[in-house]
Each structure stands twice: as structure tokens, then as C-alpha cells.
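Colleague: following is a predicted model, sequence given first.
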Amino acid sequence: MDAAGLLLLVLLLAVLGSLAGLGAGLAPGVHVNNVALLLVASSPAFLSIVAVPETEAAILLAAFLAAAAISHGTASLLPSVFLGAPDAETALTVLPGHRLLARGKGHEAVLIGARGALLGVLFALLAVLPFRMLLGPPVDAYARLRPLIPLLLLTLLVLLLATEGGTRDRRAARTKRAWAVALVLASGLLGWTVLTPGFLRGAAIPLPIGGESILLFPLFTGLFGLPTLVLSMRTSGRLPPQDIGPPEPLPDWRGTRGLLSGVLAGASVSWIPGLGGTNATIVAQLLAGGEPEAADPEADREFLFAASAAGSATTVFTLAALFVILRARSGVAAAVDTLSNGVAAWSPLPWMPPILAAILLAALVSAVLAFVGVTRLARPFAILASRVRYGRLASVVAAVLVLAVALLTGPLGLLVLGTAACLGLVPPLVGVRRVHLMGCLLVPLLASAF
């Protein structure tokens with residue numbers, strides 16, 4: 001196949017991947033890793049239908065996956081803000097998004113997040129070459145820092161705990177830090193138990209379609225989504241009318257800080273095993289001044305912007321890192337590596353592997369399409385949200401999420417959901433940050449690293 005024909009097919013698969021990612025992002029519990037697993041399983045059928053060489057087929061499927069990953073992250077803003085149904089990438093955006101929703105700014109929250117995701121991809125694409133030079137030759141930061149990965153993870157965890165309890169009352173600060181430590185350890189134990197391979201083996205599952213990664217659905221819904229909905233059930237009135245229109249621009253210093261912290265955070269976690277968009281959000285949060293307070297709507301807006309930029313930038317950098325360190329750091333990157341029968345290293349520097357070039361092009365196409373699609377969908381979501389009683393809506397959404405967990409993960413998933421929800425109710429009740437619940441990922445990573 002000539003270069004022009006291959007380019008057209010890459011663009012076509014990027015569009016199709018963007019649509020698949022949008023659909024998956026709107027469905028709570030459907031992670032992009034599930035799409036990747038399905039694509040790997042069906043790749044022989046694709047090869048039998050499409051009359052292209054295996055190498056070019058891998059390029060096309062990689063473009064599809066990259067586009068799906070980017071659009072999935074942007075689309076998941078809608079259920080995260082309006083329904084309180086997070087996935088692993090948007091878990092920390094639920095509370096700031098709901099605060100804006102309660103102020104009549106739900107539409108604006110989604111638009112700000114979508115803009116952050118778009119700019120995160122654009123700036124990450126511009127930074128891919130410096131990222132390659134830093135991570136690989138001539139700097140070789142990966143080879144130098146690889147032995148220090150456990151120490152880096154531990155430092156991140158200590159920073160999270162140290163920034164809790166920012167008050168002049170020393171006794172109150174110590175109490176908050178004690179709660180933070182307890183939450184990190186409890187959520188870490190839960191995560192270590194749930195994410196152990198084979199946790200669902202032999203379990204009765206009505207719809208066994210998700211694989212092991214489906215366990216992230218009850219875990220994160222319980223820790224971050226369901227508690228917000230339970231607390232919202234006490235609301236008897238309707239949400240205020242949602243402001244429909246372009247969002248107020250962030251002050252220049254907030255926009256710049258949010259974007260740079262998001263992109264830098266994405267680059268910093270993309271090469272570390274087990275870390276992803278949510279961990280990048282934690283780093284971006286630390287770089288951007290900490291978790292937003294309930295009384296600071298500007299901080300909520302900046303946080304959503306930075307978190308979305310971090311999530312989309314992490315996707316780009318994780319896929320680029322695959323070709324530098326030859327290690328898959330996400331489910332999508334692992335699928336690309338499998339489809340390619342092992343990717344070729346990006347070396348020497350001027351020679352970029354064709355499959356990576358296709359991935360980066362697909363990411364750009366998907367970022368634009370996802371931005372357009374999500375900003376269009378935000379309007380009907382916002383109109384519907386203001387027409388129903390929010391307490392009733394929260395009850396219905398919570399019931400739907402519980403039903404989805406029961407269908408996709410069975411009784412064990414319901415047990416995970418209930419346990420996680422009990423933990424998730426603690427931070428708002430004792431006045432500490434929910435970010436400490438990310439111990440569910442950090443503690444198992446530390447345990448496996450030492």
C-alpha cells in the first residue's frame with residue numbers, strides 16, 4: 001500500500017476510534033482497557049477482512065486504540081460531572097465537578113475539562129521529542145532513575161500526607177493527618193486485596209465481559225462516586241438552572257499553571273509502572289497548589305482544567321514511552337505492543353517508527369473530535385440536570401450504578417463497592433481530602449516495588 005492510502009486509512013481508523021472512545025466514555029464502568037482487550041482478541045478477524053499486510057494492520061489498529069484512549073478520557077467528564085460516576089482517570093474530578101454543578105456551572109465544568117484535555121494533548125505532542133531525549137539517549141533518565149522508582153512512589157505518598165491539615169490549629173492538623181494516614185492504609189489494603197490477579201476467579205458474574213480491569217469500576221465508584229451521590233440524596237430541591245454558554249476564561253496565571261502542571265505531571269508518571277492519569281492528577285494537584293477548597297470556585301475550575309490536561313497528556317506520553325523504554329505502562333500500550341509483536345525502539349532520534357507517527361496523528365485527530373463531541377453533548381446533559389430533583393436523580397443514578405456493578409462483577413463486586421463506599425464517606429465527614437483514597441493504587445504499587 002502506498003503512503004497516501006495508508007494515511008487515509010489511519011485517519012479513518014482514528015475517526016472510528018474516537019467514536020468508540022466517546023461511546024465507552026459515556027458508559028460508566030466501561031474502561032478503555034476493555035476496548036483494548038476486545039480489539040486484541042478480534043485482531044485475527046480484522047486481518048482476515050482487511051486485505052493489508054500485518055505490519056500495516058498493526059499501524060491501523062494502534063491508531064484506533066490511541067484515538068479511543070484520548071476520546072474516552074474526554075467523554076468520561078460527562079458522567080463524572082453530571083452523574084458522579086467516575087472511572088480510574090476521572091475519580092478525583094467528581095467532587096470539584098459536583099460543586100460547580102450545584103452552583104449552576106455543570107456545563108462550564110465539562111467545557112473547562114474538555115478544553116484542558118485538548119490542550120493537554122497538543123502540548124504533549126509538542127513535548128514528545130524533548131520527552132524522548134530526556135527519557136532515552138542522550139540523557140537516559142529512565143535508566144538512571146529506574147532503581148529509584150520505589151523511593152519516588154514513597155515520596156509522592158509522603159507529600160500527599162504532609163500537605164494535609166493546612167491549619168494553624170496544630171491539634172486539628174495532627175488529627176487530620178492521622179485520618180489521612182488511616183485512609184491511605186485502609187484504601188491501600190482494599191486495593192491490594194481487590195487488584196490481586198484472580199480476585200474474581202470462580203465468582204458468579206451475570207455479564208462477564210470486562211476482564212480483571214472491570215474491578216476498577218466498583219472500586220472507584222465506591223470510593224469517589226457513590227459517597228457523593230449518597231450525600232446528595234438529602235437534597236430535596238432541584239439543581240439551579242445551569243448556565244449554558246462559553247465558560248468564563250481562567251485567569252492567565254491559573255490557566256498557565258494548570259496546563260503546565262498537568263502536562264509535566266503526565267510526563268513524570270508515564271514511565272513509572274502502574275501509574276496513570278489519576279496519579280498524574282495527584283502530581284498536578286500538588287504542583288497547582290493543592291486540592292481546591294469548597295469556598296473557592298476558581299480553584300475548582302483550575303483543578304478540572306489541570307486534571308483533564310494531566311489525563312490526556314499521560315495517555316500521549318505513556319504511548320510514546322513504549323517506544324523509548326520498550327515497556328508498556330498502560331493497558332492500551334500493552335495492546336499496541338501485542339498487536340505489533342513487540343514495537344521497535346525509537347532510535348536513532350531522527351527515525352520515528354511509523355506506528356508511533358500514526359499513534360500521534362490519531363491522538364491529535366481524536367483530541368479535536370472529542371472536544372467537539374463533548375462540548376456539544378454537555379448542553380443536553382446540563383438542561384436535563386436542571387429539570388429534575390437532584391436528590392431523586394442521585395438516588396436513581398446510585399441505583400443504576402449498583403445494578404451495573406452487580407451485573408458486571410457479581411456479589412464480590414458488590415462487596416467491593418460497599419466496602420469502598422464506607423471508606424469514601426469518611427473524608428467529607430471528618431474534613432480531609434479524598435485524594436488519600438488513592439492509596440488503593442499507591443500502596444499496592446509500593447508493596448510490589450519493595
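Modeller: Yep, it's here.
Colleague: which pLDDT value belongs to the nearest residue to residue 83 once chain neighbours are set aside?
Modeller: Spatial nearest neighbour of residue 83, chain neighbours left out: residue 397 (5.0 Å); criterion: Cβ to Cβ, 6 or more residues apart in numbering. In short, each C-beta sits where N, CA and C put it, glycine included. Per-residue pLDDT puts residue 397 at 80.
Colleague: for residue 294, same thing?
Modeller: Residue 294 is assigned a predicted lDDT (pLDDT) of 54.
Colleague: buried ones in stretch 5-20?
Modeller: For stretch 5-20, the buried set under the neighbour-count rule, 16 or more other Cβ atoms under 10 Å, comprises 6, 9-11, 13-15, 17-20.
Colleague: all helices for the stretch 101-250 of the chain, in order.
Modeller: Taking DSSP state H, counting those that start in this stretch, the helices of the stretch 101-250 of the chain run over residues 106-135, 141-145, 149-162, 170-194, 216-220, 226-232.
Colleague: and those, which is most packed in?
Modeller: Across the helices of the stretch 101-250 of the chain, averaging neighbours per residue (mean count of other Cβ atoms under 10 Å) puts helix 216-220 on top, at a mean of 28.
Colleague: what's the model's confidence in that one, averaged?
Modeller: 85.
Colleague: what's the answer for stretch 186-202, then?
Modeller: On average, stretch 186-202 scores 88.
Colleague: for stretch 148-167, same thing?
Modeller: Averaged over stretch 148-167, pLDDT sits at 80.
Colleague: and if you look at stretch 421-434?
Modeller: In this model, stretch 421-434 carries a mean pLDDT of 89.
Colleague: name the residues that touch that stretch?
Modeller: Contact with stretch 421-434 is made by 92, 95, 164-165, 176, 179-180, 183, 186-187, 190, 222-224, 226-227, 230-231, 291, 436-437, as judged by Cβ atoms under 8 Å, 6 or more residues apart in numbering.
Colleague: equivalent analysis for stretch 409-418, please.
Modeller: 190, 194, 199-200, 203-206, 210, 214-215, 217-219, 221-222, 226, 402, 405-406.
Colleague: hmm, 10 Å instead?
Modeller: The contact list for stretch 409-418, computed with Cβ atoms under 10 Å, 6 or more residues apart in numbering, reads 29, 190, 193-194, 199-200, 202-208, 210, 214-223, 225-226, 401-402, 404-407, 424.
Colleague: repeat that for stretch 193-208.
Modeller: 210-216, 218-219, 222, 274, 404, 406-413, 415-416, 419-420, 440-441, 444-445.
Colleague: what about the residue nearest to residue 83, how many residues nearby?
Modeller: Residue 397: 22 surrounding residues under other Cβ atoms under 10 Å.
Colleague: with residue 448 as the reference, measure out to it.
Modeller: Plainly put, residue 397 is 34 Å away from residue 448 if you go by Cβ to Cβ, to the nearest Å.
Colleague: need the longest helix for this structure.
Modeller: helix 390-430 (DSSP state H).
Colleague: report the inter-axis angle for that one versus helix 170-194.
Modeller: Put simply, helix 390-430 runs at 110 degrees to helix 170-194, going by axes from the mean of the first three to the mean of the last three Cα atoms, to 10 degrees.
Colleague: just how off-centre is the helix or strand following helix 390-430 within its chain?
Modeller: Next helix or strand after helix 390-430 toward the C-terminus (DSSP states H and E): helix 439-449. On the basis of Cα atoms, centre = their mean, to the nearest Å, helix 439-449 sits 18 Å off its chain's mean C-alpha point.
Colleague: give the buried residues for helix 439-449.
Modeller: For helix 439-449, burial by neighbour count (16+ other Cβ under 10 Å) applies to 439-446.
Colleague: restricting to C-alpha, output it in CSV.
Modeller: Provided in CSV are the C-alpha atoms of helix 439-449 (Å, rounded to 0.1, in the frame of the first residue of the first chain):
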residue,chain,number,x,y,z
GLY,A,439,-3.8,4.7,48.4
CYS,A,440,-5.8,2.0,46.8
LEU,A,441,-3.3,2.2,43.9
LEU,A,442,-0.2,3.7,45.5
VAL,A,443,0.1,1.2,48.4
PRO,A,444,-0.1,-1.9,46.2
LEU,A,445,2.5,-0.4,43.9
LEU,A,446,4.8,0.3,46.8
ALA,A,447,4.2,-3.2,48.1
SER,A,448,5.2,-4.7,44.8
ALA,A,449,8.2,-2.4,44.4
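Colleague: by contact count, what packs against that helix?
Modeller: Applying 3 or more Cβ pairs under 10 Å, 6 or more residues apart in numbering; DSSP states H and E, we find helix 439-449 packed against helix 149-162, helix 170-194, helix 216-220, helix 277-287, helix 390-430.
Colleague: and of the ones you listed, who's closest to residue 315?
Modeller: Nearest to residue 315, of all the helices and strands packed on helix 439-449, is helix 277-287, at 7.0 Å by Cβ to Cβ.
Colleague: elements contacting the closest one?
Modeller: helix 106-135, helix 149-162, helix 252-269, helix 297-325, helix 439-449.
Colleague: and the longest one, what does it pack onto?
Modeller: What that stands for is helix 106-135. Under the contact definition 3+ Cβ pairs under 10 Å, 6+ apart, helix 106-135 sits against helix 54-75, helix 77-82, helix 94-102, helix 141-145, helix 252-269, helix 277-287, helix 297-325, helix 354-385.
Colleague: relative orientation of it and helix 252-269 in degrees?
Modeller: Using the same axes, to 10 degrees: helix 106-135 against helix 252-269 is 50 degrees.
Colleague: quick check: mean pLDDT of helix 106-135?
Modeller: 96.
Colleague: what distance separates that helix from the centre of its chain?
Modeller: Here helix 106-135 is found 13 Å from its chain centre; the criterion is Cα atoms, centre = their mean.
Colleague: pLDDT score assigned to the residue lying closest to residue 60 once chain neighbours are set aside?
Modeller: Distances taken as Cβ to Cβ, 6+ apart put residue 13 closest to residue 60, at 4.8 Å, once the chain neighbours are dropped. In this prediction, residue 13 carries a pLDDT score of 95.
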